[in-house]
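1. sequence and predicted structure, then a few things I'm wondering about:
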Amino acid sequence: MTETILNNFVKNYEDELIENKKKISLLIEGRQDAEEQLTNLETKTLTQNNIILGLKSKLTLANKQLEQADINYNNAQKKAENNLLLAQKQIDISNISLSMKKEEVSYDELTPFYSNIESTKKNLEEAKSKLNDALLISPINGKIVKIN
């Protein structure tokens, strides 16, 4: 009987050993799967961190471009305001100059110019008259060969 008990004990021990080996194999496979999943998660984390860094860089660049656009806008607005002020000052100067010219010129000062205009009109009429006298009109078509 001791041999039977011993054989049964060995048999049970071998069965437990086989079961334990199966469990160990399953645990090793599970550990390998967990390590593979951990590696995948680490890779995904690195990828996501790189994407975040890229987005942060783009955001920083966009903010700098926005700041520069704001500066450019403010400069353009100031320039437009200065141009408007300059144009208004030029208008004011022109109006003052015009007022001064209106006040400065009297009829007596313009009289020589009016006289000159009248004299020029008379000279023009005389020139037109002389031109009409100088024209030779033929009653027929053709060339004038000789004038008597």
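-> On my side now, so go ahead. Because the structure is predicted, anything quoted here is derived from the model rather than measured.

2. and the next helix or strand past the lengthiest helix in the chain?
-> As assigned by DSSP state H, the longest helix anywhere in the chain is helix 2-104. Note on helix 2-104: by DSSP states H and E, the next helix or strand toward the C-terminus is helix 107-134.

3. quick one: low-confidence ranges for the chain?
-> Residues of the chain that meet the criterion pLDDT under 70 lie in 1, 102-105, 134-140, 142-148.

4. mind listing what's buried along stretch 12-21?
-> Across stretch 12-21, burial judged by 16 or more other CB atoms under 10 Å covers no residue at all. Every C-beta, even on glycine, is put in place using the N, C-alpha and C of the backbone.

5. just how off-centre is it within its chain?
-> Offset of stretch 12-21 from its chain centre (CA atoms, centre = their mean, to the nearest Å): 78 Å.

6. CA atoms only for it - export them in CSV, please.
-> C-alpha atoms of stretch 12-21 as CSV (Å, rounded to 0.1, in the frame of the first residue of the first chain):
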residue,chain,number,x,y,z
ASN,A,12,-0.7,14.0,-8.0
TYR,A,13,2.6,15.8,-7.7
GLU,A,14,3.3,15.4,-11.4
ASP,A,15,-0.3,16.5,-12.3
GLU,A,16,0.1,19.6,-10.0
LEU,A,17,3.5,20.3,-11.6
ILE,A,18,1.9,20.1,-15.1
GLU,A,19,-0.9,22.4,-13.9
ASN,A,20,1.6,24.8,-12.4
LYS,A,21,3.7,24.8,-15.6
